[in-house]
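Peer 1: I need the structure of the sequence given here:
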Amino acid sequence: MFQHTTVLLEEAVDGLAIRPSGIYVDCTLGGAGHSELIASRLGDGGRLIAFDQDDWALDNARNRLSAYMDKVTLVKSNFRYLEQELRRLDLPMKDGVPQVDGILFDLGVSSPQLDEAERGFSYNHDAPLDMRMDRDGDLTAHIIVNSWEERDIARILDRYGEERFARNIARNIVKARAVAPIATTGELAELIKSSIPAATRRTGPHPAKRSFQALRIAVNDELGAEEDALEQTVRCLAPGGRASVITFHSLEDRICKTIFAKYVEKCTCPPDFPMCVCNNKGQLTLVNRKPIGPSDMELEHNPRARSAKLRIAEKRKEGDL
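Peer 2: Numbering: from 1, shown residues only. Modelled structure (predicted):
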């Protein structure tokens, strides 16, 4: 059974300022919590388009959203192909670009993927090294761990996991695989644990947490997909449309913050000008200057939400551009 506690449910959907007749996209269907709430707020003429590359999530959504399927379109695709997939649908267009009224992202890996041992995402279950969100994908964690160069393994552990002991872990991975392939999450977790000083292991989260995060991001190219999709989001939002983006670690949040800032109004006049004459109004307005976090009540019921941050931006209306 696909059991998933949706993070920042009301806050993210409220952030879209849904109109009953509008067109909305959930780029990360997952457990369908956000999609269900969006669909429940749509009336006649309203439409929800939901993306996921995981067949398990799509099958679950067909059941959970059964009461709304007359207004729901499910798309099996990575959200990095947002604009391409929206072009296949009968949507309003502007300058050759499909237009929608709101786009939601709930980034990261869903609870069912973490909890199902066979997916190979978790260091708490011994399973084959996999970590693919799309099971049709070619790259797995097993391939990275057992065939990539030491320097490349260290690079992704450092960049995507911000792991202080990345070089030591990579060195020990290469030594171990020279004896026998590293086949399971349990083997890898123990190897990572032994590569980190004992004093460091006594505090903080599980010693393999950062490395497993890094491998998952690399296998699925999560940060590249996020950057691609957010750039397309700015193009595909109709004037007055909104984007709600939930992130779970600093790298995801930094990308969202940077891309939103890129399209927010910026005066380019020299600092000594007495008034603005550049008329550079940007394409986006930030709805919340600081990210929204989970409430104490939500954290009590779902500790996994602790690192979640929600950023919301609105596409400026025609008269404001």
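
Peer 1: from residue 122, how far out is residue 246?
Peer 2: Noted for residue 246: a distance of 21 Å to residue 122, by CB to CB, to the nearest Å. All C-beta atoms are positioned from the backbone trio N, CA, C, and that covers glycine.

Peer 1: neighbour count winner among those two?
Peer 2: The neighbour comparison of residue 246 against residue 122 (other CB atoms under 10 Å) goes to residue 246, with 29 against 21.

Peer 1: contacts for the helix or strand containing that one?
Peer 2: Secondary-structure element containing residue 246, defined by DSSP states H and E: strand 237-247. Strand 237-247 has contacts (CB atoms under 8 Å, 6 or more residues apart in numbering) with 7-8, 12-13, 15-17, 92, 94, 99-108, 230, 233-234, 253, 256, 287, 308-318, 321.

Peer 1: for residue 231, give me phi and psi.
Peer 2: For residue 231, the backbone dihedrals (degrees, to the nearest 10) come out as phi -60, psi -40.

Peer 1: who touches the residue nearest to it when sequence neighbours are not counted in this structure?
Peer 2: By the measure of CB to CB, 6 or more residues apart in numbering, the closest residue to residue 231 outside its immediate chain neighbours is residue 259, 6.5 Å from it. Contact partners of residue 259, counting by CB under 8 Å, 6+ apart, are 227, 230-231, 234.

Peer 1: out of those residues, which is nearest to residue 302?
Peer 2: Proximity of the contacts of residue 259 to residue 302 was ranked by CB to CB; the top entry is residue 230 with 25.2 Å.

Peer 1: surely the closest one touches residue 257?
Peer 2: No. In terms of CB atoms under 8 Å, residue 230 does not count as a neighbour of residue 257; the distance is 10.4 Å.

Peer 1: more neighbours: which of the two?
Peer 2: Looking at residue 230 and residue 257 with other CB under 10 Å, you find the greater number of neighbours at residue 230, namely 25 against 17.

Peer 1: so that one is in which element?
Peer 2: Here residue 230, judged by DSSP H and E, is contained in helix 222-236.

Peer 1: and that helix with strand 237-247, angle?
Peer 2: When axes from the mean of the first three to the mean of the last three CA atoms, to 10 degrees is applied, the directions of helix 222-236 and strand 237-247 differ by 160 degrees.

Peer 1: so for helix 222-236, mean pLDDT?
Peer 2: In this model, helix 222-236 has an average pLDDT of 97.

Peer 1: what comes up buried for that helix?
Peer 2: Along helix 222-236, these residues count as buried under the neighbour rule (16 or more other CB atoms under 10 Å): 222-223, 225-236.

Peer 1: got it, and stretch 304-317?
Peer 2: Going by 16+ other CB under 10 Å, stretch 304-317 has these buried residues: 305, 308-316.

Peer 1: picking that back up, name the nearest of the contacts of residue 259 relative to residue 32.
Peer 2: Nearest to residue 32 among those is residue 230, at 22.0 Å by CB to CB.

Peer 1: ok, now which ones touch the closest one?
Peer 2: By CB under 8 Å, 6+ apart, the residues touching residue 230 are 105, 243, 245, 255-256, 259-260.

Peer 1: Throw those residues into TSV and include distance to residue 275 and secondary structure, thanks.
Peer 2: What follows is the contacts of residue 230, written out as TSV (distance: CB to CB, whole Å; DSSP: H, G, I helix; E, B strand; the rest coil):
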residue	distance to residue 275	secondary structure
105	38	strand
243	31	strand
245	34	strand
255	34	helix
256	32	helix
259	29	helix
260	26	helix
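
Peer 1: most surrounded residue in those?
Peer 2: Neighbours here are counted as other CB under 10 Å. On that basis the top member of the contacts of residue 230 is residue 245, with 30 neighbours.
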